[in-house]
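> using only what follows, build the 3D model:
(chains A, B, C and D)
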There are 2 protein chains.
Amino acid sequence: MTPLTIHEAATTTGWSPRMLRYVEQLGLVDAPRSAAGYRLYGPAQLQRLRTLRELLETHGVELGDVGFALRLRKEPELADALDTWFDAAPRKPHDLPDADWLSFEQDKHQSLLSTRSTA
Amino acid sequence: MTPLTIHEAATTTGWSPRMLRYVEQLGLVDAPRSAAGYRLYGPAQLQRLRTLRELLETHGVELGDVGFALRLRKEPELADALDTWFDAAPRKPHDLPDADWLSFEQDKHQSLLSTRSTA
DNA sequence: ATAACCTTACCAGCGACGTGTCAGGGTAGC
DNA sequence: GCTACCCTGACACGTCGCTGGTAAGGTTAT
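This is a model prediction of the structure:
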């Protein structure tokens, strides 16, 4: 099986050559190179390009988003920090008495439905 | 402890009121409302806003990125699809003999280091 | 009741992203 | 050696996200 050149790969995957280079630049699909530096697209890359396209379409995602997801995989510290932040919602900030904290937390969840005396 | 208005909260957290509304719109920090519809920022929200700011600064992340991370949490199917795609790199696309596939995969990893004869 | 704040909903500028295209130079096959 | 392709780098243009500002109208506290 002969690897395809970038133009051929573009034709069969629905991307443009320009976009294939861009996708590679984002670190999403990088093609091996020939000795002369030509990108060579084998079945692995073609498959990856097609499924990538499908991913974008079916989930309404942008290339940049996938790039960010990649970054999350490469920087677990970032992923951890985000997880921590998202899960930290109901955590008390250690600088006020529990009573006040808890009462406000309750307010927070009830206020949308409750009567604010001043009204 | 009295919840702060949006302007006060902005002052103490370093955001602008405009941005606090935007952050809420992204679903990252939503403040409970008074009966009249005023946003009320309590310690929980203030803490969240401060840690969010810290998160952005220390990791060089944009609000939109955090918004996307939130989307990943809300749409596990998306997260799964991305995980699958990222992990699917070394999978053979069931339409060619293993030998060819494997040899090309090896090419893929060695070509960057190989001969470069023409140089 | 007046001043100062809040609300939502727009418009606007700036920069980033996505994509095309071109220029200058190398490579491959006929 | 021609022709058609590849490479990188750069410019260009439309769209969109981020951020500020403003307008029209309601609320709160003095």
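> would you point out which residue is most central in chain A?
The residue lying closest to the centre of chain A (CA atoms, centre = their mean) is A:A69, at 2.8 Å.
> who's in contact with the nearest residue to that residue once chain neighbours are set aside?
If the residues on either side of it in the chain are set aside, A:A69 comes closest to B:L82, at 4.8 Å by CB to CB, 6 or more residues apart in numbering or on different chains. In this view, the C-beta of every residue, glycine as well, is placed from N, C-alpha and C. Residues counted as contacts of B:L82 (CB atoms under 8 Å, 6 or more residues apart in numbering or on different chains) are A:55, A:66, A:69, B:72.
> just give the number of residues close to the first one.
The burial metric for A:L55, expressed as a neighbour count using other CB atoms under 10 Å in any protein chain shown, is 17.
> sec struct for it, please.
Assigned by DSSP: H, G, I helix; E, B strand; the rest coil, the conformation of A:L55 is helix.
> roughly how far apart are it and B:A79?
12 Å (CB to CB, to the nearest Å).
> which residues in chain A form helices?
Using DSSP state H, the helices of chain A run over A:6-13, A:17-25, A:43-59, A:63-74, A:76-87, A:98-110.
> please see if the longest one touches DNA strand C.
The reference is to helix A:43-59. No - applying CB under 7 Å from any atom of the strand, one finds helix A:43-59 separated from DNA strand C by no less than 8.7 Å.
> if you count neighbours, what's buried in that helix?
The neighbour-count check on helix A:43-59 (16 or more other CB atoms under 10 Å in any protein chain shown) flags A:43-49, A:51-52, A:55 as buried.
> how about low-confidence regions in chain A?
A:1, A:89-119 (pLDDT under 70).
> picking that back up, distance to B:G14 added to the contacts of B:L82, as TSV?
Listed next are the contacts of B:L82 as TSV, based on distance: CB to CB, whole Å:
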residue	distance to B:G14
A:L55	37
A:V66	31
A:A69	29
B:L72	27
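> how about those, which pair is most distant?
With distances taken as CB to CB, the most widely separated pair in those is A:L55 and B:L72, at 13.1 Å.
> so which of the contacts of B:L82 is the closest to DNA strand C?
Relative to DNA strand C, the closest of the contacts of B:L82 is A:V66; by CB to the nearest atom of the strand it sits at 8.2 Å.
> and chain A, which residues reach DNA strand C?
Chain A comes close to DNA strand C at residues A:16, A:18-19, A:22, A:26, A:34-38, A:62-64, as judged by CB under 7 Å from any atom of the strand.
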